[in-house]
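> Quick one, structure for this:
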Amino acid sequence: MVLRLDERKGFSASVPLLSRNALERAVPAQNLETVPAVPLIARDSFVAETATKIDQLQASFRILTREVAELVDKVTALQDAARQDNRWHAFLQSGKRTRKDKLDETLRACRDLKTRLDKMEARSNGNYHAYTSFEAVSRKLAELEHFKDEAQRVERNVTMRAWLFCGALLLAVAIIVVSNLISG
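Numbering: from 1, shown residues only. As a prediction, the model looks like this:
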């Protein structure tokens, strides 16, 4: 009997499975009267031992087949677990890449903002070490808001003075026109 394990096919046997009845039918029936009694007993015991060994081999083969089927199930489960782990790993990697991209975008925006602030506040020469807390930033924003309010107030004053000047100019033109009409 030869058992072999093919890479793709599993176990295969070159000996067919025989039952005890099939084995007894395969042995040709001989006339028991013509053969001496002693060799007949030896042959019968050999056949019985061979049949027992074949039964044992068949039982071992069934056990091995069952164990191989269990191993195939376990390998399939391990492959499924490995695929799931690979999917989780890919998901985590994409999450890391997304976070890294967001961080890079935030850093780029901060650098752009710093450049813009440097242009607005030329006297600082980019020294923002004083703005290390929200309180310092809040103070600076309040200062800039104060300058904005001051600029709006000056703009209103200039607009009001421009209107007064235009009104005075119109009044002067009206006085000149009326004096030319009266004198002329």
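
> Run through the neighbouring helices and strands of the longest helix along the chain.
Among the segments of the chain that qualify as a helix by DSSP state H, the longest is helix 37-120. Where contact means 3 or more Cβ pairs under 8 Å, 6 or more residues apart in numbering; DSSP states H and E, helix 37-120 is packed against strand 10-13, helix 20-26. No exception for glycine: its C-beta is placed from N, CA and C like everyone else's.

> Check what pLDDT residue 137 gets.
Confidence at residue 137, expressed as pLDDT, is 79.

> One more: residue 51?
The model's pLDDT for residue 51 equals 92.

> Quickly note the distance from residue 143 to residue 57.
97 Å (Cβ to Cβ, to the nearest Å).

> Kindly report the same for residue 107.
Residue 107 is 73 Å from residue 57, where distance means Cβ to Cβ.

> Okay, now the unreliable bits of the protein?
The chain contains residues with pLDDT under 70 at 1-40, 121-131.

> spatially speaking, which residue is in the middle of it?
The chain has residue 91 as the residue nearest its centroid, 0.6 Å off, counting by Cα atoms, centre = their mean.

> ok, that one - contacts?
Not one residue lies near residue 91 by Cβ atoms under 8 Å, 6 or more residues apart in numbering.

> From here on, call the first residue 313.
Will do, 313 is the new start, and the previous item becomes residue 403.

> quick one: which of residue 419 and residue 369 has more around it?
residue 369 (16 against 10; other Cβ atoms under 10 Å).

> what about that one, distance to residue 401?
Distance of residue 369 to residue 401, computed by Cβ to Cβ: 46 Å.

> same thing with residue 457?
For residue 457, the distance to residue 401 equals 50 Å [Cβ to Cβ].

> ditto for residue 488
90 Å.

> since we're on residue 359, how many residues are nearby?
14.

> Likewise for residue 453?
So residue 453, with other Cβ under 10 Å, has 11 neighbours.

> Give the helix, strand or coil label for residue 462.
helix (DSSP: H, G, I helix; E, B strand; the rest coil).

> I'd like to know how far it sits from residue 456.
11 Å.
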